[in-house]
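Asker: Quick one, what's the 3D model for this:
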Amino acid sequence: MLLPESDTVNTFVPELDAEHRNLLRLGSELHHAIMRGGRAAQIQEGLRAFVAHVEDHFSHEERLMLRSSCPTYDWHKRQHDGLRRKAKAAIRRTRRGDREALPELLRYLPSWLRDHISVTDRMMGAHLRNYERLRPHR
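Answerer: Numbers count the residues shown, from 1 in each chain. Coordinates of the predicted model:
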């Protein structure tokens, strides 16, 4: 796993926590494929699946934050955009034959994910839970 299963990956928003677990699983599968010396096509497919999931997840969080007028939206999105750029650069570098691009990304991801989920996403999760509690239910 990119990160051990623990409370550090919980935002206490069940749907987002499930997405985080899936993201960690895909990242771990990619890491294992690289470590086992998997075929280039298999590794490229794993990278595409991981980046697609990251994009879907980030877009989901951003929609939730916009819908709920989350005050940390801009800061949070800048963090997402930074990882988006880094992942896209790794894809470009990998396509050009750079064998260090993916290992570099995989070394970067654990600390980024731990910090982002345990601070930024938890702040968003608290906001979303409060938004739902205070919202008039019809």
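Asker: Correct me if wrong: W112 contacts H80.
Answerer: No: distance between W112 and H80: 10.7 Å, which falls outside the contact criterion (C-beta atoms under 8 Å). Just so you know, the C-beta spots here come from the backbone N, C-alpha and C atoms, and that holds for glycine as well.
Asker: so who does the most centrally placed residue in the chain touch?
Answerer: Centroid-nearest residue in the chain: V54, 4.7 Å away (criterion: C-alpha atoms, centre = their mean). The neighbourhood of V54, defined by C-beta atoms under 8 Å, 6 or more residues apart in numbering, consists of L23, L83, R84, A87.
Asker: in the helix or strand where it lies, what's buried?
Answerer: Using DSSP states H and E, V54 maps to helix 40-67. Going by neighbour count (16 or more other C-beta atoms under 10 Å), the buried part of helix 40-67 is 43-44, 46-47, 50-51, 53-54, 57-58, 61-62, 64-65.
Asker: got those as a markdown table, with pLDDT columns?
Answerer: Below are those laid out as a markdown table (pLDDT from 0 to 100):
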| residue | pLDDT |
| --- | --- |
| I43 | 86 |
| Q44 | 84 |
| G46 | 88 |
| L47 | 88 |
| F50 | 91 |
| V51 | 92 |
| H53 | 95 |
| V54 | 95 |
| H57 | 97 |
| F58 | 98 |
| E61 | 98 |
| E62 | 98 |
| L64 | 98 |
| M65 | 98 |
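Asker: Out of those, flag the one nearest to Y131.
Answerer: Here the nearest of the buried residues of helix 40-67 to Y131, counting by C-beta to C-beta, is L64; it sits at 8.9 Å.
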